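A.B. asks: one predicted model, sequence on top.
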Number of protein chains: 2
Amino acid sequence: MSDFMEELRLRTERINEDLSTFLPEEEGPQRTILTACNYSVENGGKRLRPIFMECTYELFGGREREKLLPLMAAIEMIHSSSLVHDDLPCMDNDELRRGKPSTWAKFGVDMGTLCGDALMIYAFETAFKSKLEPDILSRAVRLLAEKSGIYGMIGGQTVDVELTGSIPDPDTLRFIYEKKTAALIEAALMMGALASGADEKGVSLMEEAGRDIGMAFQIRDDILDVTSTAEKLGKSVHADDRNAKVTWVTFYGLEQAEEDVRSFTERAVSAVSLISQQSFLEELIRSLVDRSF
Amino acid sequence: MSDFMEELRLRTERINEDLSTFLPEEEGPQRTILTACNYSVENGGKRLRPIFMECTYELFGGREREKLLPLMAAIEMIHSSSLVHDDLPCMDNDELRRGKPSTWAKFGVDMGTLCGDALMIYAFETAFKSKLEPDILSRAVRLLAEKSGIYGMIGGQTVDVELTGSIPDPDTLRFIYEKKTAALIEAALMMGALASGADEKGVSLMEEAGRDIGMAFQIRDDILDVTSTAEKLGKSVHADDRNAKVTWVTFYGLEQAEEDVRSFTERAVSAVSLISQQSFLEELIRSLVDRSF
């Protein structure tokens, strides 16, 4: 295993352990919803958003990881909440998530709906556990809300849902990618920068880098849906085709999509290297693009 | 019209105007969700939570109402988001809310689900627009999250959903009332107190008062479901009976329920009068109990 892969494994493991310390105890009259929340968060995942936040924090010289941890947990909870609601029958109607029953399939549609709500709110409760200076913490939490909400992730998700089955114009396609996928990755990088005391210029550079990473990541996802096998991917392929979904690949073609992934990635890597040379973060960005899974 | 009723009307009108300044412009690719959010918030309502917050703020001597406004708007958005999700087919399956199509009935189940999410997150974005001192603002927003989440409103809602059709024990019945209804009223009073610089003792007194008001309010609701007419209430009566729902009235009987409403109310009024004599807030608490609508 390469040094990079080993470090990624260790960081992911460490985040999984830390994340579990922020999950609620499964007790009291409301234990069903607490169990559903924990089930949804502990159902695996690459933990990319907390890893990006952590690496950006380090990039800007942050050294008090324990103050960042609540924010890392919070962004992963927001991400989980969006997956829980995406899987609902009224949305993607997915009974499986990473090979296991999705939250609604296991706990019922009512609990699935409430669980997404619960995780969304609990993300904010968790973020406030950080011992960061109140002014910085307020700005970080506000940013998390803005990037998750109607002008961020949820905004992108609603347009995606609305347009399913019709052909979007290029601006709208880009809007969906930037909001639905990139916005929360932008938040991860920006919050990491903010928490380590970066100035406005640094935070805004990380916003651009996050957007580029998100775009590259999502387009790679579309490419894999066409070119990979279910075995490698661990989920069904050609889902976009079956859902008659217009993606970057169907819109611009495979060749252009590959080229776009490369150029978004290079832009992100050079933005990040402007701050300092931190080979792990650069390798992480490249690895997302070169992945075949 | 009594002075009290006139003041209540004026306060409600003023809050409706202020609230509308915090709602998003209905433009951009995501305008459907923005329209759904505004539709849900503007669909009437007593605006009790912002009114309680405002009155408690005044009770503790707060005089910069414009700094409180974003928090007043935020708590109403959280309340609206909970109604939007409560109405969903997987929950109460209500096609009407205050005589108009409920959000999902008008915009579809997918948009209804996303709209509840969007309002929940937008509440936090809105709260951060307050110019209160960062430390106080952080505490107020954190409180809003705690009282809305798994240990507050959503916790109560999940237990209520889970128990529908079965008979809860007295502790569980009380848990549902305290969390589902009272928690957000507690938040309203506590946030008003916090924002005007109340000390911990004052905030905690307002937590108790909020709980008592919430209990009285919900039990009165149960009583009205049995004793009122659809005409007076503006919604269908005997809904609890039709849904085979155990309420305070079916559990303890009408007489005991009436007595409990009175004692919860008196406790709340005396807690509030410990801080200062503010006749409007006291009258407001009493009016909720004496209401026949």
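C.D. replies: Looks like it came in fine. This one's a predicted model, so the numbers in the text were calculated from it and none came from an experiment.
A.B. asks: in chain A, which residue is most central in space?
C.D. replies: A:Arg49 (4.9 Å; CA atoms, centre = their mean).
A.B. asks: ok, that one touching A:Ile75?
C.D. replies: Yes - using CB atoms under 8 Å, A:Arg49 is in contact with A:Ile75, at 4.6 Å. Using the backbone N, CA and C atoms, a C-beta is placed for each residue, glycine as well.
A.B. asks: so where's the stretch 51-200 of chain A shaky on pLDDT?
C.D. replies: For the stretch 51-200 of chain A, no stretch is flagged by pLDDT under 70.
A.B. asks: quick revisit: the residue nearest to the centre of chain A and B:Arg47: what is the separation?
C.D. replies: Distance of A:Arg49 to B:Arg47, given as CB to CB, to the nearest Å: 36 Å.
A.B. asks: ditto for A:Gly165
C.D. replies: From A:Gly165 over to B:Arg47 (counting by CB to CB), the distance is 39 Å.
A.B. asks: more neighbours: the two, which one.
C.D. replies: B:Arg47 (22 against 9; other CB atoms under 10 Å in any protein chain shown).
A.B. asks: which residues touch the closest residue in space to that one that isn't next to it in sequence?
C.D. replies: The shortest distance from B:Arg47 to any non-neighbouring residue, by CB to CB, 6 or more residues apart in numbering or on different chains, is to B:Ile15 (4.8 Å). Contacts for B:Ile15 (CB atoms under 8 Å, 6 or more residues apart in numbering or on different chains) come out as B:Arg47, B:Pro50, B:Ile51, B:Glu54, B:Met72, B:Glu76.
A.B. asks: would B:Ile15 count as being in a helix?
C.D. replies: Yes - according to DSSP: H, G, I helix; E, B strand; the rest coil, B:Ile15 belongs to a helix.
A.B. asks: pLDDT score for it?
C.D. replies: Residue-level confidence at B:Ile15 comes out at 97, pLDDT.
A.B. asks: so for stretch A:57-66, what gets flagged as buried?
C.D. replies: Neighbour-count burial for stretch A:57-66, with 16 or more other CB atoms under 10 Å in any protein chain shown as criterion, is recorded at A:Tyr57, A:Glu58, A:Leu59, A:Phe60, A:Gly62.
A.B. asks: so can I have JSON lines of the residues you listed showing secondary structure?
C.D. replies: Shown next, in JSON lines, are these (three-state DSSP):
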{"residue": "A:Tyr57", "secondary structure": "helix"}
{"residue": "A:Glu58", "secondary structure": "helix"}
{"residue": "A:Leu59", "secondary structure": "helix"}
{"residue": "A:Phe60", "secondary structure": "coil"}
{"residue": "A:Gly62", "secondary structure": "coil"}
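A.B. asks: related to what we said a few turns ago, can you tell me which of the contacts of B:Ile15 is nearest chain A?
C.D. replies: If you rank these by distance to chain A using CB to the nearest CB, B:Glu76 comes first, at 15.8 Å.
A.B. asks: A:Ile15 versus the closest one, what's the distance?
C.D. replies: In terms of CB to CB, B:Glu76 sits 36 Å off from A:Ile15.
A.B. asks: A:Leu119 too?
C.D. replies: A:Leu119 is 17 Å from A:Ile15, by CB to CB.
A.B. asks: one more: A:Glu186?
C.D. replies: 19 Å.
A.B. asks: next: A:Ala123.
C.D. replies: In terms of CB to CB, A:Ala123 sits 15 Å off from A:Ile15.
A.B. asks: and the strands in chain A, which stretches?
C.D. replies: With DSSP state E as the criterion, chain A has strands at A:96-97, A:100-101.
A.B. asks: other SSEs contacting the first one?
C.D. replies: Translated: strand A:96-97. If contacts are counted by 3 or more CB pairs under 8 Å, 6 or more residues apart in numbering or on different chains; DSSP states H and E, strand A:96-97 sits against no helix or strand.
A.B. asks: what does that strand rub up against?
C.D. replies: Under CB under 8 Å, 6+ apart, the answer for strand A:96-97 is A:Asn43, A:Leu83, A:Asp87, A:Ser102, A:Thr103, A:Ala105.
A.B. asks: thought the third one was touching A:Trp104?
C.D. replies: Yes - taking contacts as CB under 8 Å, A:Asp87 lies within contact range of A:Trp104: 6.2 Å.
A.B. asks: in contact with A:Ile33, which residues?
C.D. replies: A:Met111, A:Leu114, A:Cys115, A:Ala118, B:Ile150, B:Ile154, B:Gly155, B:Thr158 are the contacts of A:Ile33 under CB under 8 Å, 6+ apart.
A.B. asks: go with 7 Å
C.D. replies: For A:Ile33, the contacting residues are A:Met111, A:Leu114, A:Cys115, A:Ala118, B:Ile150, B:Gly155, B:Thr158, by CB atoms under 7 Å, 6 or more residues apart in numbering or on different chains.
A.B. asks: of those residues - the most surrounded one?
C.D. replies: Busiest of the contacts of A:Ile33 [other CB under 10 Å] is A:Cys115, holding 32 neighbours.
A.B. asks: what sits closest to that one if chain neighbours are left out?
C.D. replies: A:Ala36 (4.1 Å).
A.B. asks: got the residues of the stretch 1-150 of chain A near chain B?
C.D. replies: With CB under 7 Å from any CB of the partner chain as the criterion, the stretch 1-150 of chain A meets chain B at residues A:24, A:29-30, A:32-34, A:37, A:85, A:88, A:90-91, A:109-111, A:113-114, A:116-118, A:120-122, A:124-125, A:128, A:134-135, A:137-138, A:142, A:145-146, A:148-150.
A.B. asks: again, only this time at 6 Å
C.D. replies: A:29-30, A:32-33, A:90-91, A:109-110, A:113-114, A:117-118, A:120-122, A:124-125, A:128, A:134-135, A:138, A:142, A:145-146, A:148-150 (CB under 6 Å from any CB of the partner chain).
A.B. asks: just the buried subset of those residues, written out for PyMOL, thanks.
C.D. replies: Buried residues among the residues of the stretch 1-150 of chain A next to chain B (16+ other CB under 10 Å), as a PyMOL selection:
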select buried, chain A and resi 29+30+32+33+90+91+109+110+113+114+117+118+120+121+122+124+125+128+134+138+142+145+146+148+149+150
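A.B. asks: just say which of the strands of chain A is most tucked in.
C.D. replies: strand A:96-97 (a mean of 17; mean count of other CB atoms under 10 Å in any protein chain shown).
A.B. asks: lovely, talk soon.
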